[in-house]
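Q: sequence below, structure please.
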Amino acid sequence: MASEPVARAVAEEVARWGAMRQTGVSLRYMMEFGARPTERTLLLAAQFLHKELPIRIARRALDLESLPFGLSSKPAILKVRDWYVDSFRDIRSFREVRSQEDELAFTQMIKMIRVRHTNVVPTIALGVQQLKKDLGGSKAFPPGIDEIHQFLDRFYLSRIGIRMLIGQHVALHDPDPEPGVIGLINTKMSPMTVARIASEDARAICMREYGSAPDVDIYGDPDFTFPYVTPHLHLMIFELVKNSLRAVQERYMNSDKHAPPVRIIVADGAEDVTIKISDEGGGIPRSGLSRIFTYLYSTAENPPDLDEHNEGVTMAGYGYGIPISRLYARYFGGDLQIISMEGYGTDAYLHLSRLGDSEEPLP
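A: Residues are numbered from 1 along each chain as shown. Sure thing, here's the model as predicted:
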């Protein structure tokens, strides 16, 4: 019983911090601030995070407690909530950051927090999958299910922000950064190179799953670069190409026709860098298009059961690769659009803002 007052005190503090205003940062600000990290700038950054992270983490912990359809009481969701409360407590109990020694200790602590939260996405997906089973599959969702979708959008977008802030701060301590790389930001990222590597990764998975994979053709200027977070772009292109490969592979698997390639076009505009991923995989019916951005829908017939041990990336099935890719695009002011021609194929347009000036969208 002794833990109850403690729990109540923590709950009250979480509620108090969750009501505070978040402060957004832009890609450009992160680049300018981290361009030449000195003891002083790292100290200032740590002081900012010491105030900012508990606000963002508290908001998510509160969000997890008020979900409809009993989702909040699912074991997987409770587990995630405990991670957030633990992390909130860790940061709040950390002394004020005043010296270089404090700053290094603080950096170690937030590094641990990032590790603790590694499996948040699959764990929440597990909770949602448990809910789907309770609701009897995904054929007809009850009214109010939109609220869960909006919560997941908010939650995952906020998680991208928290991981970006922690990852950027930790990466600025790298004693030997690659030239042109500031923390997690590559100031001279080549979208062509990222597209090539992400496509190879997606083809390897398709090969493993089906024994063969369609080709991927990439068009664009190989010398063009712009500042962006390479792993974010890799994740988005990987997800989109993976879906295209699966659609083409399944459409041509038992056909004597040669499977047409997936095409990637990288266009460099004044405001946006746009990456178009086109396939001839048969497209998605118009009635299904709106559903590809919800977390409660997957085109795979029998999604794999998510369990604690399923760490491997499978070809399909959890239904959150596409919605999460759109959040990554939106995080730095871009977007993801999907246009389909049923009976022919699908085009995905990934718009990335190249100005880097848009503030984080803070849910």
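
Q: the stretch 251-363 of the chain: strands as residue ranges?
A: Secondary structure of the stretch 251-363 of the chain (DSSP state E, counting those that start in this stretch): strands at 262-268, 272-279, 335-341, 345-353.

Q: now these in CSV, with distance to residue 63?
A: Bear in mind the C-beta positions are built from the backbone N, C-alpha and C, glycine included. Below are those laid out as CSV (distance: least, Cβ to Cβ, whole Å):
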stretch, distance to residue 63
strand 262-268, 36
strand 272-279, 31
strand 335-341, 23
strand 345-353, 27
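
Q: to residue 109, which of those lies closest?
A: strand 345-353 (32.2 Å; Cβ to Cβ).

Q: how far does that closest one sit from the chain's center?
A: Here the centre of strand 345-353 is set off from its chain's centre by 17 Å, with Cα atoms, centre = their mean, to the nearest Å.

Q: in its sheet, what does that strand sit against?
A: strand 272-279 (antiparallel), strand 335-341 (antiparallel) (DSSP bridges).

Q: so for it, mean pLDDT?
A: The average of the pLDDT scores along strand 345-353 is 97.

Q: now the angle from that strand to strand 262-268?
A: 30 degrees (axes from the mean of the first three to the mean of the last three Cα atoms, to 10 degrees).

Q: number the chain from 17, please
A: Sure thing, new numbering starts at 17, so read that last one as strand 361-369.

Q: using PDB, list the CA coordinates for strand 361-369.
A: The C-alpha coordinates for strand 361-369 follow below in PDB (Å, rounded to 0.1, in the frame of the first residue of the first chain):
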ATOM      1  CA  GLY A 361      -1.200   0.500 -60.100                       C
ATOM      2  CA  THR A 362      -0.400   3.100 -57.400                       C
ATOM      3  CA  ASP A 363       1.600   6.300 -57.200                       C
ATOM      4  CA  ALA A 364       2.900   7.500 -53.900                       C
ATOM      5  CA  TYR A 365       4.100  11.100 -53.700                       C
ATOM      6  CA  LEU A 366       6.500  11.900 -50.900                       C
ATOM      7  CA  HIS A 367       6.800  15.700 -50.400                       C
ATOM      8  CA  LEU A 368       9.800  16.800 -48.300                       C
ATOM      9  CA  SER A 369      10.100  20.500 -47.400                       C
END
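
Q: excluding covalently adjacent residues, which one is nearest to residue 119?
A: Nearest non-adjacent residue to residue 119, counting by Cβ to Cβ, 6 or more residues apart in numbering: residue 62, 4.5 Å away.

Q: ok, residue 375 next?
A: Residue 375 sits nearest to residue 40 (Cβ to Cβ, 6+ apart), 4.0 Å away.

Q: so what does the one you found have for phi and psi?
A: Main-chain dihedrals, residue 40, degrees, to the nearest 10: phi -90, psi 150.

Q: follow-up on the earlier one: just so I know, which of the strands paired with strand 361-369 lies nearest residue 103?
A: Nearest of the strands paired with strand 361-369 (Cβ to Cβ): strand 351-357, 29.0 Å.

Q: contacts for the closest one?
A: Strand 351-357 is contacted from outside by 252, 299-302, 305, 308, 338, 341-342, 345-346, 362-367, using Cβ atoms under 8 Å, 6 or more residues apart in numbering.

Q: are any of those buried, and if so which?
A: 252, 299-300, 308, 338, 341-342, 345-346, 362-367 (16 or more other Cβ atoms under 10 Å).
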